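>>> Sequence and predicted model, in that order:
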Amino acid sequence: MYYIYHIHNRKIGCSKTPDARAQSQLKEGEKYNILFETEDINIASEMEQTFQKMLGYRVDRMPYSHSVEIGNSNLGRKHTIEHRDNIREAKKNFKHSTETKQKMTKAHAGKVLSESHKRNLSLAKKGVSIQPITEETKRKMSESAKGRVFSEEYRQKLSEGNKNTKKIECPHCGLTSHPGAMKRWHFDNCKHKGIK
């Protein structure tokens, strides 16, 4: 059962254990009473905010149900180094099944980001500088790539993918190639830009 409690002239709260919760918040001389009770956490969350509005108190930005959900999650939890190592080992060589990949593709298909979402993504990236790759990191990348052998099937897929990619032409130097490299080294970045 979820209870909406009222600490007179101060706050409205929601709890499964209102006595303990309110007692921990009461100041000297204050009293509280129960305004509402329900077995549904979502109704309790809604009623808590409704009472807060009605009685002129600050309205919680996060509904009670959401705060409980976060409280029961691992958000903010600090793992030990040993635990992190165990998680890392468990994740090694992990691959999603074909069925899971199809579900993920279907879930994201046709997804359109709202303007506010795009703006938030943009703001999150502003001021974030990409750190240059250190010589040590380059060495590690080189070591991990040495001796790598691609299967014939993988090579065939790369070949087919390249065949089906439409090539584009740089307007400054006239070179024609695949979009990835062209956008990186040509167009606005072309060394021939502005040379006539």
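Here it is on my side, so go on.

>>> just the strands in the protein please.
2-7, 11-15, 32-38, 168-169, 176-177 (DSSP state E).

>>> now the second one: mean pLDDT?
Strand 11-15 carries an average pLDDT of 91.

>>> Which elements pack onto it?
Packed against strand 11-15 by the contact rule (3 or more CB pairs under 8 Å, 6 or more residues apart in numbering; DSSP states H and E) you find strand 2-7, helix 18-25, helix 41-54. Every residue, glycine included, has its C-beta placed from N, CA and C.

>>> Report the buried residues of the last one.
Along helix 41-54, these residues count as buried under the neighbour rule (16 or more other CB atoms under 10 Å): 41, 44-45, 47-49, 51-52.

>>> roughly how far apart are the residue nearest the centre of the chain and Ser114?
By CA atoms, centre = their mean, the chain has its centre lying nearest to Leu121, at 10.7 Å. Between Leu121 and Ser114 the distance is 11 Å, computed by CB to CB, to the nearest Å.

>>> need the helix or strand of this protein with the lowest average pLDDT.
Across the helices and strands of the chain, mean confidence by mean pLDDT, DSSP states H and E is lowest for helix 64-71: a mean of 78.

>>> can you list contacts of that one?
Contact partners of helix 64-71, identified using CB atoms under 8 Å, 6 or more residues apart in numbering, comprise 2, 14, 41-42, 44-45, 48, 60.

>>> if we go to 10 Å?
With contact meaning CB atoms under 10 Å, 6 or more residues apart in numbering, helix 64-71 is reached by 2, 4, 13-16, 40-49, 60-63, 75-76.

>>> got the contact list for Arg58?
11-12, 52.

>>> Show the model's pLDDT score for Lys111.
At Lys111 the predicted local distance difference test score is 83.

>>> Burial check on it, number of neighbours?
Lys111 is surrounded by 6 other residues when neighbours are defined as other CB atoms under 10 Å.

>>> what's the answer for Thr17, then?
By the measure other CB under 10 Å, the count of residues near Thr17 is 11.

>>> Likewise for Ile168?
By other CB under 10 Å, 16 other residues sit near Ile168.

>>> Okay, and the beta partners of it?
The partner list for Ile168 in beta bridges (DSSP bridges) reads Ser177.

>>> So Phe187 versus Tyr64, what's the distance?
In terms of CB to CB, Phe187 sits 53 Å off from Tyr64.

>>> Who has more neighbours out of the two?
More neighbours surround Tyr64 than the other of Phe187 and Tyr64, with 21 against 15 (other CB under 10 Å).

>>> dump the residue contacts of Ile41.
Ile41 makes contact with 2, 14, 16, 63-66, 68-69 under the criterion CB under 10 Å, 6+ apart.
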